[in-house]
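# need coordinates for the below:
(one chain, ligands or ions: 1)
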Amino acid sequence: MASVSTPFPISLNPKIVRSKPLKFRVLTRPIKASGSETPPDLAVATRTGSKDLPIRTIPGNYGLPIVGPIKDRWDYFYDQGAEEFFKSRIRKYNSTVYRVNMPPGGFIAENPQVVALLDGKSFPVLFDVDKVEKKDLFTGTYMPSTDLTGGYRILSYLDPSEPKHEKLKSLLFFLLKSSRNRIFPEFQATYSELFDSLEKELSLKGKADFGGSSDGTAFNFLARAFYGTNPVDTKLKADAPGLITKWVLFNLHPLLSLGLPRIIEDPLLHTFSLPPALVKSDYQRLYEFFYESAGEILVEADKLGISREEATHNLLFATCFNTWGGMKILFPNMVKRIGRAGHKVHNQLAEEIRSVIKSNGGELTMGGIEKMELTKSVVYECLRFEPPVPAQYGRAKKDLVTEDF
Ligand code: HEM
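Residues are numbered from 1 along each chain as shown. Next comes the predicted model:
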């Protein structure tokens with residue numbers, strides 16, 4: 001698969017096409033021995049089949065210093081593409097667990113060496129925070145400069161063992177709780193408006209672009225639902241999608257390919273970090289919007305002992321990166337996949353959704369969605385085919401033995 005140009009990790013998703021699909025695609029940073037004398041190379045081993053089988057040493061290697069990481073990075077972005085990068089090594093090592101360098105390496109990530117866990121049995125260890133540490137691993141083997149987030153390490157980069165993690169997470173749960181009565185009405189209002197305008201465009205031109213228009217809709221929805229503020233009534237106007245896209249690019253450029261020639265793109269995006277100063281004024285505009293809109297959430301931050309400044313940077317990140325970023329990838333992918341699924345599925349979905357809403361007095365609710373079996377299945381399938389965040393990272397806290405499928 002050639003890398004594509006969206007500014008989020010979806011572009012790097014190894015869309016593995018196989019008769020028996022991989023349920024998970026996962027990467028971990030080097031899993032190091034922490035509780036014994038075991039040399040790092042032997043710290044993790046794989047078992048195949050049953051626990052009675054002998055332990056194998058993990059296959060794969062990292063190549064020569066400097067050269068190995070660059071070779072793997074070029075394979076990933078240019079010579080193989082993300083999908084073939086993983087598939088070819090599964091074939092080569094006859095294993096879904098192996099050692100490899102993950103991009104970017106270079107001067108951005110000090111240590112690109114990981115053990116990749118590419119099957120459903122070995123993967124879940126990455127969510128077991130007793131076994132793995134998640135500190136500074138949200139974007140992978142490198143962490144973007146904190147100059148991009150007001151000098152703070154944002155919640156997504158904190159390990160649950162860090163004291164701030166619990167407080168900041170409580171703040172985000174408060175955000176979700178306090179906006180619960182606005183989520184459905186604002187979703188209906190903003191997305192109905194979007195689909196009305198897409199319908200008009202379709203009837204006029206015979207085609208309509210969901211991707212571009214939905215970025216603005218997603219931000220309007222989130223601002224109105226989470227903070228009760230309509231961005232167009234503020235200094236931000238309709239500028240948020242452009243500002244966020246640029247800021248996210250500065251966070252994620254080491255993982256992206258924009259389709260430029262390798263000789264330009266690799267030094268520009270994958271070797272050094274882009275200077276955060278170039279995006280500072282854009283970020284400041286977003287920051288002011290959140291600071292001015294987040295009234296009651298900031299009062300809760302006071303109660304939790306989080307400074308208003310730190311809270312605002314976290315709200316900005318959760319809204320723009322975690323949520324808007326997720327929607328920017330997931331929603332167009334769903335429209336694409338449902339579109340391709342054909343009339344029969346369209347009709348079945350319409351029937352199911354309309355009948356549940358009708359039997360619920362014309363209202364869409366969470367309870368109603370729970371009853372939509374086909375709809376839920378379609379969403380899960382879309383997430384499975386193209387996970388908005390395709391890779392997870394964890395650093396082993398102690399020696400691990402993992403089993404593949
Ligand atoms: C399409 C929507 C979303 C997707 C696909 C998504 C995906 C993810 C993934 C894969 C992780 C990493 C988990 C891990 O490393 O163990 C994560 C973490 C996180 N996400 Fe989301 N997310 C979405 C929406 C949201 C929303 C709505 C919020 C908050 C308003 C949010 C806030 C966070 C936070 C704070 C973390 C770090 C969790 C922690 O450290 O405990 N995300 N998300």
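
# near the ligand, which residues of the stretch 1-150 of the chain show up?
Contacts of the stretch 1-150 of the chain with the ligand, taken as CB under 6 Å from any ligand atom, map to 127, 134. C-beta coordinates here come from the backbone N, C-alpha and C atoms, glycine included.

# does the ligand sit close to stretch 225-243?
No. Using CB under 6 Å from any ligand atom, we find that stretch 225-243 stays clear of the ligand, coming within 7.7 Å at best.

# tell me the buried residues in that stretch?
Neighbour counts over stretch 225-243 (16 or more other CB atoms under 10 Å) mark 225-227, 229, 231, 236, 239-241, 243 as buried.

# just the strands in the stretch 251-400 of the chain please.
For the stretch 251-400 of the chain, applying DSSP state E, counting those that start in this stretch gives strands covering 395-396, 400-403.

# nearest to the ligand, out of the ones you listed?
The ligand lies closest to strand 395-396 among the strands of the stretch 251-400 of the chain, at 11.7 Å (CB to the nearest ligand atom).

# next one: the closest one to chain centre, how far?
20 Å (CA atoms, centre = their mean, to the nearest Å).

# could you dump the strands of the stretch 251-400 of the chain to JSON lines with mean neighbour count and mean pLDDT?
Shown next, in JSON lines, are the strands of the stretch 251-400 of the chain (neighbours: other CB atoms under 10 Å; pLDDT from 0 to 100):
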{"stretch": "strand 395-396", "mean neighbour count": "21", "mean pLDDT": "96"}
{"stretch": "strand 400-403", "mean neighbour count": "18", "mean pLDDT": "85"}
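
# would you list these in JSON lines and tack on distance to F317?
As requested, the strands of the stretch 251-400 of the chain are arranged in JSON lines below (distance: least, CB to CB, whole Å):
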{"stretch": "strand 395-396", "distance to F317": "22"}
{"stretch": "strand 400-403", "distance to F317": "30"}
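
# let's have those in JSON lines, adding distance to the ligand.
Output for the strands of the stretch 251-400 of the chain, formatted as JSON lines (distance: least, CB to the nearest ligand atom, whole Å):
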{"stretch": "strand 395-396", "distance to the ligand": "12"}
{"stretch": "strand 400-403", "distance to the ligand": "16"}
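
# out of these, which is closest to V279?
Nearest to V279, of all the strands of the stretch 251-400 of the chain, is strand 395-396, at 28.5 Å by CB to CB.

# that older thread, what's the closest of the strands of the stretch 251-400 of the chain to P59?
Proximity to P59 (CB to CB) singles out strand 400-403 among those, at 13.3 Å.

# and that closest one, which strands flank it?
Strand pairing for strand 400-403, determined by DSSP bridges: strand 44-47 (parallel).

# average model confidence for the partner strand?
Throughout strand 44-47, pLDDT has a mean value of 45.

# closest to C320 out of the buried residues of stretch 225-243?
If you rank those by distance to C320 using CB to CB, A240 comes first, at 7.7 Å.

# got the contact list for the closest one?
Contact analysis of A240 by CB atoms under 8 Å, 6 or more residues apart in numbering lists 216, 219, 223, 231, 286, 289, 320.

# the fourth one contacts T217, doesn't it?
The reference is to P231. No. P231 lies out of contact with T217 (CB atoms under 8 Å); the separation is 11.1 Å.

# so the closest residue to the ligand within the chain versus V248, what's the distance?
Closest contact between the chain and the ligand, by CB to the nearest ligand atom, is at G326 (2.6 Å). Note on G326: its distance to V248, by CB to CB, to the nearest Å, is 12 Å.

# same check, this time on N322
According to CB to CB, N322 and V248 sit 11 Å apart.

# what are the buried residues along the top helix by length along the chain?
As assigned by DSSP state H, the longest helix anywhere in the chain is helix 180-205. Judged by neighbour count using 16+ other CB under 10 Å, the buried positions of helix 180-205 are 182-184, 186-187, 190-191, 194, 198.

# nothing else from me, thank you.
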